[in-house]
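Whatever this is, show me its structure:
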Amino acid sequence: MIDNLNLPPFEPKISEQAGKKTVWDPIRKVWVPLTPEEHVRQAFVSYLVNYKGYPLSHIANEQAIELNGMSRRCDSVVYDKAGTPKVIIEYKRPTVAISQKVFNQIARYNLVLHVDYLIVSNGLKHYCVRMDYGSGTYVFLGDIPGYGDL
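Down below sits the predicted model:
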């Protein structure tokens, strides 16, 4: 486990399988390897559900998309009640700095999904932008919006 993430504490279900630590993903309903990036994902999803009002049933982890004829996976995608994608989230391990390269990656995914919000987190720093398709720009937000504000 990684301590000192800049997220509220949470109690993940952890197990050991074949000598490796795994964590229960309540979205995919499977045990997955407990990597530093996965720890960030589970802590961030817990934050969204427990503090920002996101319904667990409206979040998809490892959402497959096709980009330029190639299969890619968004770390998490949040959908509204109508099933329209609203947020793409990209996670990195805490030792990975959030850089322009990370934003370029999530922006490429957004060429397919056309969401309103892009979030990038390494568990220590979180960045959220709101897309403005009318002007072709985006605005950095000071906080992660609640589900009701999507």
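
if I pick the most centrally placed residue in the chain, what's in contact with it?
Closest to where the C-alpha atoms of the chain average out (C-alpha atoms, centre = their mean) is residue 89, at 3.1 Å. Counting by C-beta atoms under 8 Å, 6 or more residues apart in numbering, residue 89 makes contact with 44, 74, 75, 76, 77, 78, 118, 119, 120, 121. For every residue, glycine as well, the C-beta is placed using N, CA and C.

just those residues now: which is nearest residue 67?
Relative to residue 67, the closest of the contacts of residue 89 is residue 74; by C-beta to C-beta it sits at 10.0 Å.

mind checking the SS state of the closest residue in space to the closest one that isn't next to it in sequence?
Leaving aside its sequence neighbours, residue 74 sits nearest to residue 63 (C-beta to C-beta, 6 or more residues apart in numbering; 4.5 Å). What DSSP: H, G, I helix; E, B strand; the rest coil gives for residue 63 is strand.

who's in contact with residue 63?
Neighbouring residues of residue 63 by C-beta under 8 Å, 6+ apart: 73, 74, 76, 77.

next helix or strand past whichever strand or helix holds the second one?
Put plainly, it is residue 74. Residue 74 is located in strand 70-79, with elements delineated by DSSP states H and E. Proceeding N to C from strand 70-79, the next assigned helix or strand is strand 85-91, under DSSP H and E.

ok, residues contacting the following helix or strand past that next one?
Downstream of strand 85-91, the first helix or strand assigned by DSSP H and E is helix 100-113. Contact with helix 100-113 is made by 65-67, 72, 74, 77, 85, 88, 90, 92, 96, 118, 120, 127, 131, as judged by C-beta under 8 Å, 6+ apart.
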